[in-house]
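# Predicted model, plus sequence, below.
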Amino acid sequence: MWKLSGRDNKIRQWAELGEFQSISGAARRVLELERDPLGALFFRVYVDPPGEKSDAELLCRLEYQSEKGFYLLQRAVQ
């Protein structure tokens, strides 16, 4: 399960945007919010240099930023 949250670039107030079974489901939601149904997007992977993390730990937090807002996709622990 993946949790999506986001904020716009003006007010910068965070909002929960839903839970998704897959990254592609969350990506579709971001494209809906961006009003770009034909677009493509790539998530960034944040790497914290001082720590040694596994690939699974690194890939549990994905970010996307556009002119309209900032989106954070995090793996939900069950």
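That came in fine, so what should we check first?
# Tabulate the CA atom coordinates of the biggest helix by length in the chain in CSV.
Secondary structure assigned by DSSP state H gives helix 23-34 as the longest helix of the chain. Output of helix 23-34 as CSV, limited to C-alpha atoms (Å, rounded to 0.1, in the frame of the first residue of the first chain):
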residue,chain,number,x,y,z
ILE,A,23,2.9,3.4,-7.7
SER,A,24,1.1,3.6,-11.0
GLY,A,25,-2.2,4.2,-9.3
ALA,A,26,-0.8,7.1,-7.3
ALA,A,27,0.9,8.5,-10.4
ARG,A,28,-2.5,8.5,-12.2
ARG,A,29,-3.9,10.5,-9.3
VAL,A,30,-1.1,13.0,-9.5
LEU,A,31,-1.7,13.5,-13.2
GLU,A,32,-5.5,14.0,-12.5
LEU,A,33,-4.6,16.6,-9.9
GLU,A,34,-2.2,18.3,-12.3
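# Any buried residues in that helix, and which?
Judged by neighbour count (16 or more other CB atoms under 10 Å), helix 23-34 contains these buried residues: 26-27, 29-30, 33-34. C-beta: built from backbone N, CA, C; applies to glycine.
# got it, and stretch 40-51?
Quick answer for stretch 40-51 (16+ other CB under 10 Å): Phe43.
# And the contacts of the lowest-mean-pLDDT helix or strand in the chain?
Lowest mean confidence among the helices and strands of the chain (mean pLDDT, DSSP states H and E): helix 55-58, at a mean of 84. Where contact means CB atoms under 8 Å, 6 or more residues apart in numbering, the residues beyond helix 55-58 that reach it are 45-47.
# go on, stretch 2-22?
1, 23, 25-26, 29-30, 33, 67-76.
# repeat that for 10 Å
1, 23-30, 32-34, 60, 62, 64-77 (CB atoms under 10 Å, 6 or more residues apart in numbering).
# rewinding a little: can you flag which of the contacts of helix 55-58 belong to strands?
Val45 (DSSP state E).
# Adding distance to Asn9, write the contacts of helix 55-58 out as JSON lines.
Below are the contacts of helix 55-58 laid out as JSON lines (distance: CB to CB, whole Å):
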{"residue": "Val45", "distance to Asn9": "21"}
{"residue": "Tyr46", "distance to Asn9": "18"}
{"residue": "Val47", "distance to Asn9": "23"}
